[in-house]
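Undergrad: structure of the sequence below:
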Amino acid sequence: MLPGSKAVQAPRDADPGRRGRIIRESARLFRERGYERTSVRDIASATGLQSGSWVYYFRTKQEILAAVMEEGLQRSLVRIEAIGQQAGAPRARFEALVRTHLETLLAPGQDFIPVLLYDWRSLEAAARPRVVALQRRYEAVWDTVIAELRAAGEWTGATRIDRLLMFGALNWIAHWYRPGGGLDVRALAAEATRFFLRGGGRSLKRKPGRRTR
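TA: Numbering: from 1, shown residues only. Just a heads-up that it's a prediction; the model follows:
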């Protein structure tokens, strides 16, 4: 606190429920309009707050942006890390990871991760380490499953940028996917899994025999 400044007392309704609503509505606005084009007045209007009262929950719009990104990653980690702890074939677990990732991008009301993807450059450097730490936890689960796929011969041609290429392809789906287009998220995840693992598995060897014309 700055010398001589007075502490701002939060109102009685400064509870996690109201804070959560600010995060959800801000995520929606940031996704629809972009961070730079969304004002704090827009956020206050969307959440039913009086102008200026949002500062009881967040000091700056930057804090809201960071909270949106952290919320999205924390929600995703609950599901992703649960998949990572499951037993079973690595291919099935990989498809579950792909499906969960796509759901966080495409399902209604899931605006948090798209904001992370599209407005990352708007996040100030001071807030990035917390978000990056959550990203690394998220990616670590994928690294484990991909390593198992490699060991099983289902992920071939391993390079150090495999994961980057994979996430790039998955994240780009948010630009062109439209619900009701004949392919739901589960089917899309199955198609994506076949695409990523299409070169995996042992190739069939032709048995020796007579050559035919």
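Undergrad: torsion angles phi and psi at the residue nearest to the spatial centre of the chain?
TA: Centroid-nearest residue in the chain: Ile113, 3.9 Å away (criterion: C-alpha atoms, centre = their mean). When read as degrees, to the nearest 10, the backbone of Ile113 gives phi -70, psi -40.
Undergrad: how near is it to Pro90?
TA: For Ile113, the distance to Pro90 equals 24 Å [C-beta to C-beta, to the nearest Å]. In short, each C-beta sits where N, CA and C put it, glycine included.
Undergrad: quick one on the thing from earlier: surely the residue nearest to the centre of the chain and Leu77 touch.
TA: No. In this structure Ile113 lies outside contact range of Leu77 using C-beta atoms under 8 Å: 11.4 Å.
Undergrad: hey, where'd the helices end up in the protein?
TA: For the chain, the helices defined by DSSP state H cover 16-33, 40-47, 61-84, 90-106, 112-118, 128-151, 162-176, 185-196.
Undergrad: let's have these in CSV, adding distance to Ser53 and mean pLDDT.
TA: Formatted as CSV, the helices of the chain follow (distance: least, C-beta to C-beta, whole Å; pLDDT from 0 to 100):
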stretch, distance to Ser53, mean pLDDT
helix 16-33, 10, 91
helix 40-47, 7, 90
helix 61-84, 14, 96
helix 90-106, 30, 96
helix 112-118, 23, 94
helix 128-151, 25, 95
helix 162-176, 33, 91
helix 185-196, 38, 94
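Undergrad: and those, which is most packed in?
TA: Greatest average neighbour count among the helices of the chain goes to helix 112-118 (a mean of 22), per mean count of other C-beta atoms under 10 Å.
Undergrad: contact partners of it?
TA: With contact meaning C-beta atoms under 8 Å, 6 or more residues apart in numbering, helix 112-118 is reached by 27, 30-31, 34-35, 65, 68-69, 71-73, 75-76, 104-105, 131, 171, 174.
Undergrad: go again with 10 Å.
TA: For helix 112-118, the external contacting residues (C-beta atoms under 10 Å, 6 or more residues apart in numbering) are 23-24, 26-32, 34-35, 65, 67-76, 101, 103-106, 122-123, 131, 134-135, 138, 167, 171-172, 174-175.
Undergrad: from the chain's centroid, how far away is it?
TA: 7 Å (C-alpha atoms, centre = their mean, to the nearest Å).
Undergrad: what do you get for stretch 89-103?
TA: On the basis of C-alpha atoms, centre = their mean, stretch 89-103 sits 14 Å off its chain's mean C-alpha point.
Undergrad: ditto for stretch 136-146
TA: Counting by C-alpha atoms, centre = their mean, stretch 136-146 is centred 13 Å from the centre of its parent chain.
Undergrad: so Tyr138 makes contact with Met69?
TA: No. Counting by C-beta atoms under 10 Å, Tyr138 stays clear of Met69, with 11.8 Å between them.
Undergrad: that older thread, anything in contact with each of Ile113 and Leu77?
TA: Common contact partners of Ile113 and Leu77 (C-beta under 10 Å, 6+ apart): Tyr138.
Undergrad: isn't Ser45 right next to Ser39, touching?
TA: Yes. Using C-beta under 10 Å, Ser45 is in contact with Ser39, at 9.2 Å.
Undergrad: quickly list what's touching both of these two.
TA: Leu29.
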